[in-house]
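Undergrad: what's the 3D shape of this:
(one chain, ligands or ions: 1)
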Amino acid sequence: MALASGVRFAERALLRPWALLRGTTLGRTEPAAGGGGDGARRFGSQRVLVEPDAASGVAVMKLRNPPVNALSLELLTELVISLEKLENDKTFRGVILTSDCPRVFCAGLDLTEICGRNPAHCAEYWKAMQELWLRTYLSSLVLVAAINGACPAGGCIIALSCDCRVLADNPKYRIGLNETLLGIIAPFWLKDTYVNTIGHRASEQALQLGSLFPPAEALQVGLVDQVVPEDQVQSTALSEMARWLAVPDHARQLTKNMMRKATADRLLRQRDADTQNFVSFVCRDSIQKSLQAYLEKLRQRKG
Ligand SMILES: CC/C=C\CC/C=C/CC(=O)SCCNC(=O)CCNC(=O)[C@H](O)C(C)(C)COP(=O)(O)OP(=O)(O)OC[C@H]1O[C@@H](n2cnc3c(N)ncnc32)[C@H](O)[C@@H]1OP(=O)(O)O
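TA: Numbering: from 1, shown residues only. Just a heads-up that it's a prediction; the model follows:
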């Protein structure tokens with residue numbers, strides 16, 4: 001009974017795939033460095049590199065959308081498709097999500113996708129963002145975030161949607177939801193994800209202040225589970241993965257579903273309204289001006 005309802009829930013969460021693969025090259029397969037059989041072949045797309053290890057049932061999924069892994073529509077789409085591919089392949093039980101770009105895990109929303117764009121594009125973009133969150137938050141796989149770089153805003157949400165987070169101990173690699181500093185507001189499902197991870201009071205403070213936590217503080221507040229030297233992020237993520245995979249899948253999956261279902265259902269019930277809210281908010285002149293000014297500041301602070 002519980003299993004059946006868990007499966008039904010997962011099915012409901014598998015929403016429509018998009019036909020928007022502008023400029024993507026999905027499904028490409030190439031031998032991993034070092035060669036090997038099927039278990040060593042990597043696949044993926046232009047912006048997501050997947051290194052599967054069939055023997056362990058674990059795949060490493062690397063974001064590679066330089067320079068900062070901003071979540072473009074293409075990256076969002078390719079991430080969802082890569083995750084779906086691994087979920088549908090019973091060989092795999094866990095995914096380590098990490099970055100192929102130096103110093104940045106993920107810079108969050110690609111602001112160029114919502115600056116100076118028409119409402120239809122903003123809506124399409126936001127739906128893709130919702131979809132990625134639903135897919136990661138409800139994934140039946142164990143997801144471990146190996147955070148090897150800065151992790152603001154949407155990057156933080158991807159990490160928080162995983163089951164476990166390992167952060168590299170580098171003071172430049174800050175993590176948190178800094179939306180208010182851009183003059184925008186985290187939607188309720190980002191807020192809920194935050195609250196579910198670090199509790200209400202800490203979220204209230206951090207969200208209003210737009211706090212980006214350096215590693216030691218991120219660990220203290222509970223945003224990440226481990227902080228380790230940069231060269232140990234991957235190996236620690238693998239050790240964490242082994243701990244999670246030691247639990248029988250069905251029991252772990254149903255427990256995950258029990259813990260996360262209400263939060264995901266809240267978005268599923270209000271998905272269209274959330275999209276309309278986002279579009280009408282970001283398309284306001286005042287918000288467009290704030291976003292443009294923020295992007296300009298990012299561009300100028302170079303060097
Ligand atoms: C009702 C609901 C309403 C709204 C909900 C909205 C929810 C929003 C969630 C979000 O994710 S908002 C995005 C927030 N993201 C940030 O604030 C991160 C901004 N970026 C940075 O802080 C830094 O770039 C970095 C720490 C990630 C990396 O620093 P560094 O390695 O020094 O790189 P640069 O700053 O020099 O950047 C290189 C290049 O990339 C561009 N860029 C950076 N971030 C973004 C981004 N999020 N979107 C688009 N483009 C970005 C930056 O402008 C540089 O571009 P150039 O053309 O100058 O090379």
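Undergrad: low-scoring stretches of this protein, by residue?
TA: Low-confidence segments of the chain, defined by pLDDT under 70: 1-41, 302-303.
Undergrad: now do the helices in it.
TA: 2-13, 73-88, 119-137, 154-161, 188-198, 200-209, 215-221, 233-245, 249-269, 271-282, 285-300 (DSSP state H).
Undergrad: please report phi then psi for the residue of the chain at minimum distance from the ligand.
TA: Relative to the ligand, the nearest point of the chain is Gly108 (2.5 Å; Cβ to the nearest ligand atom). For every residue, glycine as well, the C-beta is placed using N, CA and C. Note on Gly108: its backbone torsions stand at phi 90, psi -160 [degrees, to the nearest 10].
Undergrad: quick one: it and Ala150 touch, right?
TA: No. In this structure, Gly108 is not within contact of Ala150 by Cβ atoms under 8 Å, at 9.6 Å.
Undergrad: neighbours around Gln226, how many?
TA: 18 (other Cβ atoms under 10 Å).
Undergrad: ugh, wrong one, Leu132
TA: Neighbour count of Leu132, defined by other Cβ under 10 Å: 21.
Undergrad: ditto for Arg252
TA: So Arg252, with other Cβ under 10 Å, has 17 neighbours.
Undergrad: what's the spacing between it and Ala186?
TA: Per Cβ to Cβ, to the nearest Å, Arg252 is found 28 Å from Ala186.
Undergrad: who in the stretch 201-303 of the chain is up against the ligand?
TA: With Cβ under 6 Å from any ligand atom as the criterion, the stretch 201-303 of the chain meets the ligand at residues Asn277, Phe278, Phe281, Val282, Leu295, Leu298, Arg299, Lys302.
Undergrad: ok so, going back, tell me which of the helices of the chain sits most buried.
TA: Most buried of the helices of the chain, by mean neighbour count (mean count of other Cβ atoms under 10 Å): helix 154-161, with a mean of 26.
Undergrad: what does that helix contact?
TA: With contact meaning Cβ atoms under 8 Å, 6 or more residues apart in numbering, helix 154-161 is reached by 69, 71, 97, 104-109, 129, 132-133, 136-137, 143, 145, 147, 151, 165, 175-177, 190, 193-194, 197, 223-224.
Undergrad: could you rerun that using 7 Å?
TA: Identification of contacts with helix 154-161 by Cβ atoms under 7 Å, 6 or more residues apart in numbering yields 71, 105-109, 133, 136-137, 145, 147, 151, 165, 175-177, 190, 193-194, 197.
Undergrad: which residue is nearest the centroid of this structure?
TA: Nearest to the mean C-alpha position of the chain, by Cα atoms, centre = their mean, lies Ile158 at 2.0 Å.
Undergrad: wait, Pro187 touches Asp274, no?
TA: Yes. Look at Pro187 against Asp274 with Cβ atoms under 7 Å: they come within range, at 6.1 Å.
Undergrad: closest to Arg64 out of the helices of the chain?
TA: Of all those, helix 73-88 sits nearest to Arg64, with 8.9 Å by Cβ to Cβ.
Undergrad: list the helices and strands that closest one packs on?
TA: In this structure, helix 73-88 makes packing contacts with strand 48-53, strand 58-63, helix 119-137, judged by 3 or more Cβ pairs under 7 Å, 6 or more residues apart in numbering; DSSP states H and E.
Undergrad: chain center to the longest one, what's the gap?
TA: In other words, helix 119-137. 12 Å (Cα atoms, centre = their mean, to the nearest Å).
Undergrad: OK, contacts around Val221?
TA: By Cβ under 7 Å, 6+ apart, the contact set of Val221 is Ile198, Ala202, Phe213.
Undergrad: same question for Met129.
TA: Met129 makes contact with Leu71, Leu76, Leu109, according to Cβ under 7 Å, 6+ apart.
Undergrad: for burial, what's the neighbour tally of the first one?
TA: For Leu71, the tally of surrounding residues (other Cβ under 10 Å) stands at 28.
Undergrad: partner residues bridging it?
TA: Leu109 (DSSP bridges).
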